[in-house]
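Q: next input, structure requested:
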Amino acid sequence: MAEDREAGFTLVEMLVCLAVAALIGTLLVNAVRISGIASAAIARATATEEVQSVRDHLRRTLGSLARRRAEGERPALLGGPAALSARIGPDRSVARSAELVIALATVARADGGYDLVERRAAPDAGSAENGGRPEILLERVAGLAIRYFGAPSRNVRPGWHAAWAAPDRQPTLLEIEVAFEAADRRRWPPLLVALGDRP
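A: Sure, this is the predicted structure:
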């Protein structure tokens, strides 16, 4: 009889151990799942922060265009549907003591995608597209689209244009859209930059 009681007690111990093991297994599976969800949320937040940082940079940079010269020296802004070149003025808040020429465009990557690149050059160095120090603002973008709102001449009503080539006038607004691949979770709502009424 004592042997039967020990066998029954062993069965109860075995069932308790299985229940505890199942509980520990469930906790481990949930911990792994929660860490995966947290890591995906952190990656999304980092990507969103990166995009917002670039948006703020472009708004601040393009919002400080240099004033045109009375003698008609170089236009302050020229651009097409996927690139632009602008001359920006000095800004003490970002330790920029002189004017710069910047160019914004996409550059092809070896893997077939594009990078959003900004180049900066001194005004006397020529165009920023050909020279200047390249700085990658966003990696792995699918495309860049820029539209210009304004009147390219006095007799034309203000409207949206795919390119801006008026040397004596500036657009009032820029709309910048950056596209990402379908699998990329980053999103870029259209960015409107007010250039203001500059003489």
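
Q: which non-adjacent residue is nearest the most centrally placed residue in the chain?
A: Nearest to the geometric centre of the chain sits residue 51, at 3.2 Å (C-alpha atoms, centre = their mean). Of all residues not flanking residue 51 in the chain, residue 186 sits nearest, at 5.4 Å (C-beta to C-beta, 6 or more residues apart in numbering). Heads up, the C-betas are built off the backbone N, CA and C, glycines and all.

Q: circling back: next SSE downstream of the host helix or strand of the residue nearest to the centre of the chain?
A: Element membership for residue 51, per DSSP states H and E: helix 2-62. Going down the chain from helix 2-62, the next helix or strand is strand 77-79, by DSSP H and E.

Q: circling back to that earlier point, my read is that the residue nearest to residue 51 contacts residue 48, right?
A: Yes. Judged on C-beta atoms under 8 Å, residue 186 makes contact with residue 48 at a distance of 7.2 Å.

Q: neighbour count winner among those two?
A: Comparing residue 186 with residue 48 by other C-beta atoms under 10 Å, the one with more neighbours is residue 186, at 16 against 13.

Q: now do the SS call for the more buried one.
A: coil (DSSP: H, G, I helix; E, B strand; the rest coil).

Q: who touches it in this structure?
A: By C-beta atoms under 8 Å, 6 or more residues apart in numbering, residue 186 lies in contact with 47, 48, 50, 51, 180.

Q: pick out the lowest-pLDDT one from the residues you listed.
A: When these are compared by pLDDT, residue 47 scores lowest at 76.

Q: how near is that one to residue 79?
A: The gap separating residue 47 from residue 79 is 27 Å, by C-beta to C-beta, to the nearest Å.

Q: same thing with residue 20?
A: Counting by C-beta to C-beta, the gap between residue 20 and residue 79 amounts to 68 Å.

Q: who's more crowded, these two?
A: A count of neighbours by other C-beta under 10 Å puts residue 79 above the other of residue 20 and residue 79, at 22 against 10.

Q: identify the bridge partners of the more buried one.
A: residue 84, residue 164 (DSSP bridges).

Q: so who does it touch?
A: By C-beta under 8 Å, 6+ apart, residue 79 lies in contact with 85, 86, 146, 148, 163, 164.

Q: again, only using 7 Å
A: Counting by C-beta atoms under 7 Å, 6 or more residues apart in numbering, residue 79 makes contact with 85, 146, 148, 163, 164.

Q: per-residue confidence for the fourth one?
A: Translated: residue 163. In this model, residue 163 is scored at 94, pLDDT.

Q: hang on, isn't the residue nearest to the centre of the chain packed against residue 185?
A: No. Contact criterion C-beta atoms under 7 Å: residue 51 and residue 185 do not qualify, at 10.4 Å.
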